[in-house]
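K.L.:
Sequence first, predicted coordinates after that:
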Amino acid sequence: MISFLKKNFWPLSAFVIWLTAYRGFYPGHLIMGSGDAKRNAMYINYYLNNIWRGVYPMWNPFNVWGRPDFYSPRMIGEFNPFFHLIYILEKIGFSFGVAYYIFSAFYYVLGMLGLYLLAKRVLNDRAGAYLALLLLLFSTLSFELFNNGVMVSVLFPTIWFFYFLVAFTQTPHRVFLLGLTFTAMLIAVTYLPFYFLTVFLSFLLGFTALYGRLLPSILMSYWKFIKDNKLLVAFCLLSALYAMGPGFFWLTGSSEYFVNWRHATSGSQAAAIPYKVTTAGGYLSYFHWQQLFSDLKSTGLGHIYIPIFAYIILFLSLIVALNRRMVLLFSLSFFIFLISLGDTTPVHKFLYDHAAILKYFRNLHFLVWFFIPPLLIFLGETFKNFSQPQPLNTKQKILTVFYIIITHMTLFLAFYHLGKIILSTYLTVLLSAAFFCFYVLSRFKNKEALLLPFLCAVVLLQPLEVFHYLKKNMYHTFPYLDKPYTQAESIPRFSFTRPVKGEDTVLGEVQEWAGIEDASGFLDGNYTGSVWSYKLHQEANHDTLKNYVKNKFYLYDDTKAAENRAVDYQGEAIAGNSDTFQVLSFDLNHIKLKTNFPKDKFLVYSDSYNSQWQAFINGAKAPLYRANIAFKGVWVPGGEHIVLLRYRPLWQHIFYHFLVIFFGLFLILIIAESYRYAVKKTR
C-alpha cells in the first residue's frame, strides 16, 4: 500500500485537492443549471424508485394523456449500474441531494481516472499523463453533471472505451475485452451514442491513414486472442447485442413518437432531425472565444473553461518535433471541433448529407468536450517531448529560451489588452516562463523530478481562483430535488378523473420528468409524446376537449369512436368503481379492469394509443383500437370479464428487468477480473 501511495502520490493528491474544492459546491442543496441536468436528476430518482419496487417505467400514464417512456431513460442511460449508488446512499440515511452530490463526485473522479490511465497508455509518460489529468480535472467539466448530465453520461464511458481499446491492443487480455464490451454497452444504452460513433469513426479513419502498416499485426493479435478465447468473445458479442435492444425498440417505435420542436411533421421519424435544427446547436451559437480567457470572475454553469496552462503548451508545440501520435491526436481533435461548429464551416453539412449518424443528434456544442480529451493528450505528448529532448547545444538553448520568453510575453500582453483578466492568469504565465527557462538552461541532473510538482502548481494556480468565483455564481436551485418523491410516494395511484386544463397543481417540469399525479394533459409549449395525442392537441377545440379528457373511461354502444374522423363526445363517462366496472390494479405499464356490462360495450380509455399496447379479455388477446383520434378502445362483451391493457409484451418486460441485473453482474465480473489481473502482475 505504501509503495502504491508513493508511486501515485501526485495523481492522488490532484484528486484530493479537487475533492476539497468540490466540497464547497454543496451549500445544503443541489445547485442545478439551465441545462438537462435537473431533469436527469429528477428522472434518476423516479427511475430508481420504480425499478427497486420491480417496475421498469416503459409508459408514463400521467403526462400528455400517456406517452412512451423510452425518451427519458435514454437521456440518463438508465442501465448504468453506478446510478444505484444513489439509492444505496439514500437507504443508509442520506438525502437524495447529498446522495446525488456524492455520486456526481465519484462518477467524475472515475471518468478522470480513465483519462489518466488512457494518457499513460498512449504516452508511456507519467508527466504527460498527469498534465492531461490536471487540465481536464480542473476544467468546468467538473460541473457539467449539474448542467448537462447527458453529455457527461456519454463522455466518460467513451474515455474508458478508448482506454480499454488501447490496453487490449497493446496487451490482449480478458479484462480489457470485458471492459471494452461493458463501456460499449453503456454507450449503446444512452440517449445519443452517435456522439461516440462520430468520435470513434473519426479515430479509425485517422489511425488507418497514419498507422496503416500496423493494422495487419494488430488484427493478427486480435485473431489469435479470439481463437484462444472463443467462449469469452462470443459472450462479449452477445452482451453488446443485448445492450442494443433498448435502442432498437426506441428506433422502431419512433414513428409513433413526436417532438414538436424538433420535427417538421407528425409523421416523421422521431429519431431523425432536420438539418436546420442540428445546426442551431453549434458551438459558436453558445460560446464566444473570449470567454475562455476574459471575465472569468463571471464563470458559471455551462461555461467552458480549460486552465490557461493548456494554451501555453499549445504554443510550445510549435517548436516540438512532430510525430505520428501528435498528428493523430491533433487531427482527431480538430476534426471533431470543425463538426461542432455546425454550419460555420462546410464540414458538418457535408457529413450530414453523406453520413447517416449525423442526422440523429443535435446540440453540436456537446462535441466540444469530446475533442478536448484528445487535445489534452496531445498537449501531454508535447510536454513529454519538450521535457525529454535530445541534448541541446548553447545556440539551441538560447533560441529555445528566446522563443519561450517571446511566447509568454505575447500571451501576457494579449491578456492585458483583452481586459478583465484575473490575477492568477498573469501569475501562471510568469511562473511558466520562469520554470521553462530554468528547465532549458539548468544543468541540474535530476530536474525531471521537478516536473510533477511544477505541473501541480502551475496548472492549479488559475482554476482554484476560477472555482472560487464559480462557487459564487452557482446560484441556480430547484427546490424539488432537495425533497423529491420517495419510493412510497412514487407508487402510481389511479384516479378516474384528471384536472381540467388550467387547474394543474404540479410544476410542469416535474410533471414531465417525474410526475406521479394526474395532469390535464395540455401543454402550451414543447410537446414530447404520442403522435396521435399531438394530432388531437392540434385539431380539436380545447374548450370542448378539456371537459372530455377530464374523464378517463367512456362507454359507447357502437364503434363510431374507432373511425377517428372526429372525437365522439357522446359517450357515457364512468365516474368511479361500481357493480359494472372496477379498476382491479394499475401501474405505469398496465391497467386491469373487471367489467359486468348488461350488453356489449365499446370501452374508450382516454390514455394515448400506441401500437405496442395489448388488450386481453379473460386472458385471451383481443383487438385494441385507436379511438377518438388519440386514445385506446376495446370491445368488451356483456357479462363479467377481466380486461387487461398492457404496454408491450411480457417478454420485453423480462428483457428490460434482466438487462438491469445483467449490467450490475457484468460490472462485478470486471472488478473481479481486474483484481485477478492486478494480483497476477505483482507476482
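P.N.:
Yes, it's here. Bear in mind that the values here come from a model prediction, so they are computed numbers and not experimental data.
K.L.:
Show me the longest helix that occurs in the chain.
P.N.:
helix 650-682 (DSSP state H).
K.L.:
Against which helices or strands is that helix packed?
P.N.:
helix 174-188, helix 230-243, helix 245-253 (3 or more C-beta pairs under 8 Å, 6 or more residues apart in numbering; DSSP states H and E). (Glycine included, C-beta is placed from N, CA and C.)
K.L.:
Break down the stretch 201-350 of the chain into its helices, ranges please.
P.N.:
215-228, 230-243, 245-253, 275-279, 309-316, 324-340, 346-354 (DSSP state H, counting those that start in this stretch).
K.L.:
any idea which of those helices scores lowest on pLDDT?
P.N.:
The minimum mean pLDDT among the helices of the stretch 201-350 of the chain belongs to helix 275-279 (a mean of 57).
K.L.:
Pro598: how many residues sit nearby?
P.N.:
The number of residues packed near Pro598 is 8, by other C-beta atoms under 10 Å.
K.L.:
OK, contacts around the closest residue to His173 other than its chain neighbours?
P.N.:
Nearest non-adjacent residue to His173, counting by C-beta to C-beta, 6 or more residues apart in numbering: Tyr677, 6.5 Å away. Contact analysis of Tyr677 by C-beta atoms under 8 Å, 6 or more residues apart in numbering lists 173-175.
K.L.:
Looking at neighbours, which among those residues is most surrounded?
P.N.:
Counting neighbours by other C-beta under 10 Å, Val175 leads the contacts of Tyr677 with 22 neighbours.
K.L.:
That one contacts Tyr675, correct?
P.N.:
No - counting by C-beta atoms under 8 Å, Val175 stays clear of Tyr675, with 9.3 Å between them.
K.L.:
all strands for this protein, in order.
P.N.:
59-60, 67-68, 257-259, 528-530, 553-556, 572-573, 581-587, 590-597, 601-608, 613-617, 620-622, 625-627, 631-636, 639-647 (DSSP state E).
K.L.:
tell me the most buried of the ones you listed?
P.N.:
The highest average neighbour count among those, using mean count of other C-beta atoms under 10 Å, belongs to strand 67-68 at a mean of 26.
K.L.:
so what secondary structure elements neighbour it?
P.N.:
strand 59-60, strand 528-530.
K.L.:
what lines up beside it in the sheet?
P.N.:
Strand 67-68 has the following strand partners under DSSP bridges: strand 59-60 (antiparallel).
K.L.:
Relative to the whole chain's centre, how far out is the partner strand?
P.N.:
Computed by C-alpha atoms, centre = their mean, to the nearest Å, the chain-centroid distance of strand 59-60 equals 21 Å.
K.L.:
Likewise for stretch 578-590?
P.N.:
Per C-alpha atoms, centre = their mean, the displacement of stretch 578-590 from the mean C-alpha position of its chain is 37 Å.
K.L.:
Export the helices of the stretch 201-350 of the chain to JSON lines and append columns for distance to Gly114.
P.N.:
Compiled in JSON lines, these are given as follows (distance: least, C-beta to C-beta, whole Å):
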{"stretch": "helix 215-228", "distance to Gly114": "22"}
{"stretch": "helix 230-243", "distance to Gly114": "19"}
{"stretch": "helix 245-253", "distance to Gly114": "23"}
{"stretch": "helix 275-279", "distance to Gly114": "28"}
{"stretch": "helix 309-316", "distance to Gly114": "19"}
{"stretch": "helix 324-340", "distance to Gly114": "16"}
{"stretch": "helix 346-354", "distance to Gly114": "27"}
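K.L.:
who wins for proximity to Thr407 among the ones you listed?
P.N.:
When the helices of the stretch 201-350 of the chain are compared by C-beta to C-beta, helix 309-316 sits nearest Thr407, at 4.7 Å.
K.L.:
chain center to that closest one, what's the gap?
P.N.:
For helix 309-316, the distance from its own C-alpha centre to the chain's C-alpha centre is 30 Å (C-alpha atoms, centre = their mean).
K.L.:
cool, stretch 8-24 as well?
P.N.:
On the basis of C-alpha atoms, centre = their mean, stretch 8-24 sits 24 Å off its chain's mean C-alpha point.
K.L.:
Show me what counts as buried in that stretch.
P.N.:
For stretch 8-24, the neighbour count (16 or more other C-beta atoms under 10 Å) marks 10-11, 14-15, 17-18, 21-22 as buried.
K.L.:
okay, those residues in TSV with pLDDT and distance to Phe225 next?
P.N.:
Formatted as TSV, these follow (pLDDT from 0 to 100; distance: C-beta to C-beta, whole Å):
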residue	pLDDT	distance to Phe225
Trp10	86	34
Pro11	90	30
Ala14	92	34
Phe15	93	33
Ile17	92	40
Trp18	92	37
Ala21	86	42
Tyr22	84	40
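K.L.:
Now tabulate the residues you listed in TSV and tack on distance to Trp65.
P.N.:
Shown next, in TSV, are the buried residues of stretch 8-24 (distance: C-beta to C-beta, whole Å):
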residue	distance to Trp65
Trp10	57
Pro11	53
Ala14	51
Phe15	48
Ile17	51
Trp18	46
Ala21	47
Tyr22	42
